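Below: sequence and its predicted model.
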Amino acid sequence: MSSSQLINIVEVICHSFRHLDPRLINHGERVAYILMKMLEDTSYYTKQEKQDIFMLGLLHDIGAYKGEELDSMLSFDMNDSMEHSVFGYLLFQNFSPLSDYADIILYHHHCNAQYYPVPIGNYHRDMAKLIYLADRIDIFCVLNDVKQLDSFLDRYNETVFPSAGIRWFHDANKKYQILNHLHSGAYQEEVASYTKEQLVLTEEQIHKYLMTFIFSVDFRNEYTALHTSYAVYLTENLSHTLHLPAGSAKTVQLAAMLHNIGKVSLSSDLTSVEDYDCYLKELYQNSTIDVTQKILSGTVDAQILQIINESLRILKCWSENEPLSFTPSPAGEIVALSYFISNMMNPGGHISCRPDLVQFLKERYKGCNMDCTILMALEKYFPQIMEQTRSSCESMFRTYHHVMDEFHYLNTILLHYNTKYQ
Ligand SMILES: [Fe+2]
Ligand SMILES: [Fe+2]
């Protein structure tokens, strides 16, 4: 079975956004919807370009969840902070299938920029302006009376928003009732059917979008940066060692990626190892698990949810040393093992694990009356598996530091240009 049948990536992202920050509820999907309808009848862009613009619209604020800059992002101050654009740009550039379009994310607010150190061509600048137009239409309608939208758009016609874009919007709004559908919520059905019937994504693209989204959450600080990554690498290595068939390995990998996606609802404000310990506890509280269930219900294949539920039940038994009351599938056991080990890692810096890991695991299995066939099968290979996982994670940690260095560098430079040329 392919990933495209196992997961509806657009819906997973839309559902996750709903739990991130109440001020951003549905903003990405509303912007994607406005763009989708605006461009529906034009032949200026190809079908593929329209799909890419839809995904850019959905994810344009993906960098907004790092810092406390939502107020500025939602304001109409044209000199607003660019931090979320910079972080989103770096996420897109490093992880997304649209890395060539990353500059569009960087300039989705300041699309008139001429002096910035990352050059942008006219083709991308026009797309950035279009996304900014859809973004401002949505924010304006959320905060103001829709009747004033025309005069708002007139005021900025050509100075900020391209007239062609405004014309596309007016024509499409007349024909498709965009604003009415946004107001009534009917737009969600149209987004869902577009996603199901027209959006074509390869397995690799789905994987990349999912990792881009996960890193937008995990990269909010260095303590959580590798949390999902570590467990996903470990799951892959364990599945490979156990010779899981390719189809099951894919399902297990997705379950590992999504195991605690409910973390989007947790605060990212971690400044110490103690904060990280609290964060790990919160990950397994019922409220976070509920968010995971809400995000994944109906958006991923039932098998994935089943593996996640099994892994959560096993982890609970291991942490409380209670007997397991069911026979888990190998997939559920692999994901539980991966997160059990990932949760024991020292966050950041050195990626090491306890030398007596297998013995420690055996005791947990025994304490929970668990069949240890899988653990025994893995025992001989554990040093290699852990070494491979460590090495993949170190390389990911270097990527994290590279992203953070670029983030600080670009923010400093852009702040300078904004002050000088505004
Ligand atoms: Fe934005
Ligand atoms: Fe936005």
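Looks like it arrived, so ask away. Ligands and ions are numbered 1, 2, ... in the order given.

Give me the residues contacting whichever strand or helix holds residue 150.
Assessed by DSSP states H and E, residue 150 sits inside helix 149-155. With contacts defined as CB atoms under 8 Å, 6 or more residues apart in numbering, helix 149-155 is touched by 136, 137, 140, 141, 144, 161, 166, 169, 179. The C-beta positions use only the backbone N, C-alpha and C, and glycine is treated the same way.

change it to 7 Å
Under the contact criterion CB atoms under 7 Å, 6 or more residues apart in numbering, helix 149-155 has outside partners 137, 140, 141, 161, 166.

ok, now how distant is residue 215 from residue 37?
To residue 37, residue 215 is 30 Å away according to CB to CB, to the nearest Å.

An error on my part: the question was meant for residue 328.
Plainly put, residue 328 is 46 Å away from residue 37 if you go by CB to CB.

Which one of these two is surrounded by more residues?
Taking other CB atoms under 10 Å, residue 328 and residue 37 do not tie; residue 37 has more neighbours (25 against 20).

if I pick the more buried one, what's in contact with it?
By CB under 7 Å, 6+ apart, residue 37 lies in contact with 172, 176, 178.

and these, which are buried?
Listed as buried from the contacts of residue 37 are 172, 176, 178; burial here means 16 or more other CB atoms under 10 Å.

pLDDT score for whichever residue of the chain sits closest to ligand 1?
Closest approach between the chain and ligand 1, counting by CB to the ion: residue 61, at 4.5 Å. Note for residue 61: predicted pLDDT of 92.

Also the one 5 residues further on?
On the pLDDT scale, residue 66 is placed at 60.

cool, residue 121 as well?
Looking at residue 121, its pLDDT is 87.

Likewise for residue 113?
Looking at residue 113, its pLDDT is 62.

ok so, going back, so which of the contacts of helix 149-155 sit within helices?
Under the assignment DSSP state H, those contribute 137, 140, 141, 166 to helices.

thought residue 378 was touching residue 240?
No: counting by CB atoms under 7 Å, residue 378 does not reach residue 240; the two are 11.0 Å apart.

So those two - more neighbours on which side?
Between residue 378 and residue 240, counted using other CB under 10 Å, the more crowded position is residue 378 (19 against 13).

Just the buried residues of whatever helix or strand the more buried one lives in, please?
Secondary-structure assignment from DSSP H and E places residue 378 in helix 373-379. Residues 374, 375, 378 are the ones in helix 373-379 that count as buried (16+ other CB under 10 Å).

For residue 50, see how far away the closest residue to residue 13 other than its chain neighbours is.
Spatial nearest neighbour of residue 13, excluding adjacent residues (CB to CB, 6 or more residues apart in numbering): residue 213 at 5.5 Å. Noted for residue 213: a distance of 21 Å to residue 50, by CB to CB.

Residue 157 now?
Noted for residue 157: a distance of 24 Å to residue 50, by CB to CB.

if we can go back for a sec, the more surrounded of residue 213 and residue 50?
Neighbours around residue 213 and residue 50, counted as other CB under 10 Å, are more numerous at residue 213. The numbers are 24 against 18.
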